[in-house]
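In: Below are the sequence and a predicted model; questions follow.
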Amino acid sequence: MPSSSLDVVVIGAGHNGLTCACYLAAAGLKVRVVERRPVVGGAAVTEEFFPGFRNSTASYTVSLLNPKIIRDLRLADHGLRIVERPFSNFVPLPDGRSLSFGGDLAATQAAVSKFSPRDAERLPAYYARLDRLADQLKQWVLRAPPNLGGRFIVEGWRDLVAAARLLLQVGRLPREGQRDLIDVFTKSAGDWLDHWFESEPLKAVLGWDAVVGNYASPYAAGSAYVLLHHCFGEVNGKPGKWGHAIGGMGAITQAMAAEARARGVDVTVDAAVERVVVEGGAAVGVELASGELVRARSVAANVNPKLLYERMLDTSVLPPEFNEAMQRYRCGSGTFRMNVALRELPDFSAMPGAQAQPHHASGIVFAPSLEYMDAAWHGAATQGYAARPIVEMLIPSVVDDTLAPRGAHVASLFCQQFDPAADWTALKEPAVQAIFDVVQSYCPNFRDALLGWRALSPADLESEFGLVGGDIFHGQLSLDQLFSMRPLMGYARYRGPLKGLYHCGSGAHPGGGVTGAPGHNAAREIVRDLR
């Protein structure tokens with residue numbers, strides 16, 4: 001496709017970039033996607049990490065991918081198949097007990113009642129409150145939030161309408177629902193959960209969602225929202241469920257790329273962007289590392305905003321106040337990501353047996369309490385990594401025989417807390433061993449079963465995938481970086497400070513996770529401007 005004919009060039013073939021490209025092409029626009037890596041997918045990609053063993057490299061599980069996007073992009077027609085977990089999470093405990101959590105309500109209450117009959121009784125009310133909050137916020141997932149700023153608080157009539165809709169929506173909530181909404185944006189997950197429950201394993205499995213990608217204690221103010229952010233999803237029409245994509249997370253982005261190409265999108269890999277080209281105060285294309293100049297009527301960036309504005313643009317073309325605000329934009333999620341190849345399944349002291357059982361197909365959380373999680377963060381803050389890190393293990397080969405040789409298995413280890421600013425050249429190997437020690441303490445056969453592994457520190461996640469500070473969300477999910485303030489106040493409707501420049505990645509509303517929503521929403525705004 002000749003560059004001169006392009007309407008939009010999209011930077012980055014991750015899931016949001018591909019989603020944006022698909023919707024733009026459906027509107028009749030000519031689109032080219034340029035991707036730095038040799039494969040499409042960004043952080044949602046499946047790769048071989050050890051001879052004969054494949055797995056999702058960075059993102060690793062499915063729930064938040066929006067069902068409308070799955071339908072619109074015909075992902076099932078392109079081979080995407082998602083298998084629901086038998087139950088959400090399995091929490092082995094140091095004393096040999098365990099909690100199986102997140103199946104049907106009766107089974108979950110029965111499991112929780114072994115630790116606290118009171119907590120089991122309170123679960124339905126907790127779910128109802130959380131569902132009410134999630135239902136309110138989910139209404140905005142595929143909508144642009146009101147753009148704030150200027151003399152009249154909102155920018156224009158569309159923002160005024162959006163703000164009025166928001167006020168009416170909140171106004172319809174009962175008073176306790178309004179209080180809950182304020183609480184979840186301002187309080188810590190620990191405070192929120194301590195109010196509801198008394199048993200540590202239950203608070204731990206619920207609090208896990210509050211530290212995912214969040215370099216903070218579960219008792220840090222605002223962490224309750226991070227917990228809620230992970231409640232927006234569904235699997236195969238079942239709200240709140242989690243699942244495995246058969247073939248790994250790359251199956252999602254490969255299906256998206258197939259649909260993009262079917263719609264006429266030119267997807268180019270091994271095409272790193274050197275800079276965004278600006279002429280007359282407008283973005284008019286990109287220059288690739290190869291020297292190729294790709295001109296277009298507009299540029300949609302599926303990259304971390306700091307990466308875009310501090311490395312791909314000359315700051316002299318941007319407003320000084322914008323540059324100052326972008327310097328304060330916070331990134332860094334404290335995530336350490338590993339894939340391991342195993343000769344056999346982990347044999348848990350709390351649930352013996354190396355043959356496949358339902359808990360092997362769930363999300364296995366090695367963190368028995370909120371106190372443990374708090375200590376992990378403090379440890380990372382003082383020495384760079386937690387001596388006893390928080391680990392979630394998934395073993396997708398239990399339900400997907402395409403990932404490992406017969407009889408062998410692959411496991412994802414998604415680990416928190418690791419200081420994104422630490423010297424990972426020196427700390428990477430001891431951090432790996434600390435992670436292995438945690439798993440070994442619950443699975444005595446783990447080290448003997450290890451055949452090989454690949455480890456990605458926060459620094460590796462940045463160099464490999466452009467995740468600044470290892471931030472899986474393209475910016476922290478804090479109150480000042482959400483909704484109308486994402487990425488910055490005044491730029492909430494997916495438009496940057498230059499004409500023709502748009503945000504279509506997780507640094508835009510509604511934030512991180514494999515959702516496709518920022519790409520969907522950005523495409524709508526771009527089409528509105530170019531038509």
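Out: Perfect, I can see it now.

In: Could you give the separation of the lowest-mean-pLDDT helix or strand in the chain from the chain centroid?
Out: The helix or strand of the chain with the lowest confidence, counting by mean pLDDT, DSSP states H and E, is helix 157-171 at a mean of 77. Remark: helix 157-171 is offset 27 Å from the chain centroid, using Cα atoms, centre = their mean, to the nearest Å.

In: for Val265, what are its contacts?
Out: Contact partners of Val265, counting by Cβ atoms under 8 Å, 6 or more residues apart in numbering, are 21-22, 24-25, 31-33. Every residue, glycine included, has its C-beta placed from N, CA and C.

In: Which of these sits closest to Ala492?
Out: Nearest to Ala492 out of the contacts of Val265 is Leu24 (Cβ to Cβ; 19.9 Å).

In: I'd like to know how far that closest one sits from Arg297.
Out: Separation of Leu24 from Arg297 (Cβ to Cβ, to the nearest Å): 11 Å.

In: and Val45, how many residues sit next to it?
Out: Val45 is flanked by 24 other residues according to other Cβ atoms under 10 Å.

In: need the contact list for it.
Out: Neighbouring residues of Val45 by Cβ under 8 Å, 6+ apart: 37, 39, 56-58, 248-250, 253.

In: cutoff 10 Å now
Out: By Cβ atoms under 10 Å, 6 or more residues apart in numbering, the contact set of Val45 is 13-15, 37, 39, 56-59, 248-254, 465.

In: coming back round to it: let's see if you can find the most crowded of the contacts of Val265.
Out: The most crowded member of those is Ala21, carrying 33 neighbours; neighbours defined as other Cβ under 10 Å.

In: And the average pLDDT for the helix or strand containing that one is what?
Out: Using DSSP states H and E, Ala21 sits within helix 15-26. Rounded to a whole number, the mean pLDDT of helix 15-26 is 98.

In: and what of stretch 317-334?
Out: Mean predicted confidence for stretch 317-334 is 95.

In: Quick one: end-to-end length of that stretch, please.
Out: Terminal residues of stretch 317-334 lie 32 Å apart, using Cα to Cα, to the nearest Å.

In: and that stretch, how far out from the chain's middle?
Out: A distance of 21 Å separates the C-alpha centroid of stretch 317-334 from that of its chain, computed with Cα atoms, centre = their mean.

In: Flag every buried residue along it.
Out: Buried residues in stretch 317-334, defined by neighbour count with 16 or more other Cβ atoms under 10 Å: 318, 322, 325-326, 329, 331-334.

In: just to revisit the earlier point, which residues are in contact with both of Leu24 and Arg297?
Out: Common neighbours of Leu24 and Arg297, using Cβ under 10 Å, 6+ apart, are 7-8, 30, 526, 530.

In: quick revisit: relative to Phe418, which of the contacts of Val265 is nearest.
Out: Val33 (31.4 Å).

In: doesn't the closest one fall inside a strand?
Out: Yes. With DSSP: H, G, I helix; E, B strand; the rest coil as the criterion, Val33 is part of a strand.

In: thinking it is in contact with Gly41, fair?
Out: No. Assessed by Cβ atoms under 10 Å, Val33 is found out of contact with Gly41, at 11.5 Å.

In: Which neighbours do the two have in common?
Out: Listed as contacting both Val33 and Gly41 by Cβ under 10 Å, 6+ apart are 13-14, 17-18, 257, 269.

In: Tell me the one among those residues nearest to Trp377.
Out: Closest approach to Trp377 among the shared contacts of Val33 and Gly41 (Cβ to Cβ): Gly14, at 28.0 Å.

In: show me what contacts the residue of the chain most remote from its centre?
Out: No residue in the chain sits farther from the centre than Gly280, which is 35.8 Å out by Cα atoms, centre = their mean. By Cβ under 10 Å, 6+ apart, Gly280 lies in contact with 498-499.

In: on that earlier part again, name the helices or strands packed onto the least confident helix or strand of the chain?
Out: Under the contact criterion of 3 or more Cβ pairs under 10 Å, 6 or more residues apart in numbering; DSSP states H and E, helix 157-171 touches helix 117-138, helix 175-186.

In: name the helices or strands packed onto the longest one?
Out: Spelled out, that is helix 117-138. Counting contacts by 3+ Cβ pairs under 10 Å, 6+ apart, helix 117-138 is packed against helix 105-113, helix 157-171, helix 175-186, helix 189-196, helix 200-211, helix 223-229, strand 238-239.

In: Below-threshold pLDDT in the stretch 151-300 of the chain: ranges please.
Out: Scanning the stretch 151-300 of the chain for pLDDT under 70 picks out 151-152.

In: how about 90 then?
Out: Scanning the stretch 151-300 of the chain for pLDDT under 90 picks out the ranges 151-186, 213, 222, 225-241.
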